[in-house]
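> Can you look at this prediction? I've put the sequence above it.
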Amino acid sequence: MLKQQPASAPIRVLVVDDSSFMRNAITRHIQRDTHFRVIDTATNGREAVAKAEQLKPDVITMDVEMPEMNGIDALRQILAKSNIPVIMVSSQTEAGAKTTIQALQLGAMDFIPKAGGFEQLHEKLHAVVGATRARLRPQVVKPSLSAPRRAMPMRARIAKPQLVVIGSSTGGPRALCQVLEVLPKNFPAPIVIAQHMPPQFTAAMAKWLSDVCAIKVVEAADDMALQPGVAYVGPGGMQFRLVNGKAKIAAAQGESLYKPSVDVLADSAAAAYGGNVLAIMLTGMGNDGAKGFNKLKEGGAHVMAQDQATSSVWGMPRAVAESGCADEVLPVGEIGKRIKAMFGLA
């Protein structure tokens, strides 16, 4: 079990990497913030499994490629014995991205790329530890936000939306899979997705989702026409908009800290589709998408948010729920079924 700490105690981190340079670099960066303390390091997966069991850290950063036992096998063993959250540290290559997506499938909470990912590390460590501790203690949440709301009656104007917009971040890949795998190949509308990820990783995620789901999932490209039965994932490091029934992919111009941004995508959906939209916010830290989803709601869109109990991090869906624009707050396992019902596919 995750070791309970007083509120003032530093978050205890185990750093796992076979490179002494990377171990030292990650340790130095983490300990710049006094809210964290690196309690030990490990040089391979076998050491990581043993030290995780012995030291019971609050969170682990895990390299992927290591001798004796790689990060994927170590992740499997750690999660089989504990609920310690793990953040993968990945190379930003095609192979590294594919392995990272596999780790997220298995239960890693999040990841950072080795190149340029350290600036988000403290925020991600805080988020995954906070979310894990929240799940271990009794939830004291407003019933209207923590429990699924009664299914809303379908109004004629939104009976069959022309578009589905999905936003997600931490924990998003697994949540997206749980939602999309329920949908049939002949799903009658396009689906557009803004998942917070760096370049390379969104392409690997789209390929994995397409392999396991009946619908086709692709990484969106500029000027790609949106087709029913296809889910389009915004490419990492870029902004994803919708214009005249096509995907518009462009370099960020300071619109948001997030690339792709849910707010940017939702704003463009509101302009292009008005209220004929089903908007869904899945797990993720922060509040990206809350403003865009409110704009969609004002135009007549139907809005769903994932509930706290099934979210890896209840940040983005919480922001949507607490803003008052969510028509329904549902467990992730019910969202795909609800989409089918709205489209008359149940």
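Ah, there it is.
> Can you tell me the closest non-neighbouring residue to Gln120?
Ile112 (6.2 Å; CB to CB, 6 or more residues apart in numbering). Using the backbone N, CA and C atoms, a C-beta is placed for each residue, glycine as well.
> now the one you found: how far from Ser90?
Separation of Ile112 from Ser90 (CB to CB, to the nearest Å): 7 Å.
> what do you get for Ile193?
Distance from Ile193 to Ser90, by CB to CB: 20 Å.
> again, but for Pro190
From Pro190 to Ser90 the distance is 30 Å (CB to CB).
> Going by residue numbers, what spans are helices in the stretch 51-200 of the chain?
Counting by DSSP state H, counting those that start in this stretch, the stretch 51-200 of the chain has helices at residues 71-81, 94-106, 121-136, 143-146, 172-180.
> closest one to Lys248 among these?
For Lys248, the closest of those is helix 172-180, at 21.7 Å, according to CB to CB.
> for that closest one, what is the average pLDDT?
When pLDDT is averaged along helix 172-180, the result is 96.
> Just to be sure, Trp208 is in a strand?
No. Looking at Trp208 with DSSP: H, G, I helix; E, B strand; the rest coil, it is helix, so not inside a strand.
> Next, count neighbours for it.
19 (other CB atoms under 10 Å).
> Touching, it and Gln105? I think so.
Yes. With contact defined as CB atoms under 8 Å, Trp208 counts as touching Gln105 (7.3 Å).
> So for the two, which residues contact both of them?
Pro173, Cys177 (CB atoms under 8 Å, 6 or more residues apart in numbering).
> CSV for the helices of the stretch 51-200 of the chain, including distance to Thr34 and mean neighbour count?
CSV is the format used below for the helices of the stretch 51-200 of the chain (distance: least, CB to CB, whole Å; neighbours: other CB atoms under 10 Å):
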stretch, distance to Thr34, mean neighbour count
helix 71-81, 26, 19
helix 94-106, 29, 20
helix 121-136, 11, 19
helix 143-146, 32, 13
helix 172-180, 30, 24
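> Minimum distance to Gly324: which of those helices has it?
In terms of CB to CB, the element of the helices of the stretch 51-200 of the chain nearest to Gly324 is helix 143-146, at 9.9 Å.
> average pLDDT for that closest one?
The pLDDT scores in helix 143-146 average 44.
> Pro190 and Ser90: who's more crowded?
Ser90 (29 against 21).
> Verify the stated contact: that one with Gln102.
No. If you go by CB under 8 Å, Ser90 and Gln102 don't touch, sitting 10.5 Å apart.
> overlap in contacts of these two?
Counting by CB under 8 Å, 6+ apart, Ser90 and Gln102 have no shared contacts at all.
> Please parse this protein into its domains.
If you go by automatic domain parsing, the domain ranges for the chain are 11-136, 154-342.
> So, low pLDDT: which residues of this structure?
1-8, 136-159, 346 (pLDDT under 70).
> Among the helices of the stretch 51-200 of the chain, which comes closest to Ala25?
Comparison of the helices of the stretch 51-200 of the chain against Ala25 by CB to CB identifies helix 121-136 as nearest, at 10.8 Å.
> just checking, what packs against the closest one?
Counting contacts by 3 or more CB pairs under 8 Å, 6 or more residues apart in numbering; DSSP states H and E, helix 121-136 packs against strand 11-16, helix 20-30, strand 59-63, strand 86-90, strand 110-113.
> Could you rerun that using 6 Å?
strand 110-113 (3 or more CB pairs under 6 Å, 6 or more residues apart in numbering; DSSP states H and E).
> for the stretch 151-300 of the chain, what spans make up the strands?
Assigned by DSSP state E, counting those that start in this stretch, the strands in the stretch 151-300 of the chain fall at 163-168, 191-195, 216-219, 230-233, 238-243, 246-251, 277-281.
> who's in contact with the fourth one?
Outside of strand 230-233, the residues that reach it under the criterion CB atoms under 6 Å, 6 or more residues apart in numbering are Pro190, Ile191, Val192, Ile193, Thr202, Ala206, Ile215, Lys216, Val217, Glu219, Ala220, Ala247.
> Which one of the residues you listed sits in the busiest neighbourhood?
In the contacts of strand 230-233, the most neighbours by other CB under 10 Å go to Ile193, 30 neighbours.
> Looking at the contacts of strand 230-233, which is nearest Val16?
Thr202 (25.4 Å).
> any idea how far the residue nearest to that closest one when sequence neighbours are not counted lies from Gly315?
Using CB to CB, 6+ apart and skipping residues adjacent in sequence, the residue nearest Thr202 is Gly236, 4.3 Å away. Noted for Gly236: a distance of 19 Å to Gly315, by CB to CB.
> Could you do Arg23 as well?
Arg23 is 29 Å from Gly315, where distance means CB to CB.
> which ones are touching the residue nearest to Thr202?
Contacts of Gly236 by CB under 6 Å, 6+ apart are Met197, Pro198, Pro199, Phe201, Thr202.
> didn't the fourth one look like it was pressed against Lys98?
No. Phe201 lies out of contact with Lys98 (CB atoms under 6 Å); the separation is 9.1 Å.
> how much space between the nearest residue to Phe118 once chain neighbours are set aside and Pro260?
What sits nearest to Phe118 in space, not counting adjacent residues and going by CB to CB, 6+ apart, is His29, at 5.0 Å. Using CB to CB, His29 is found at 26 Å from Pro260.
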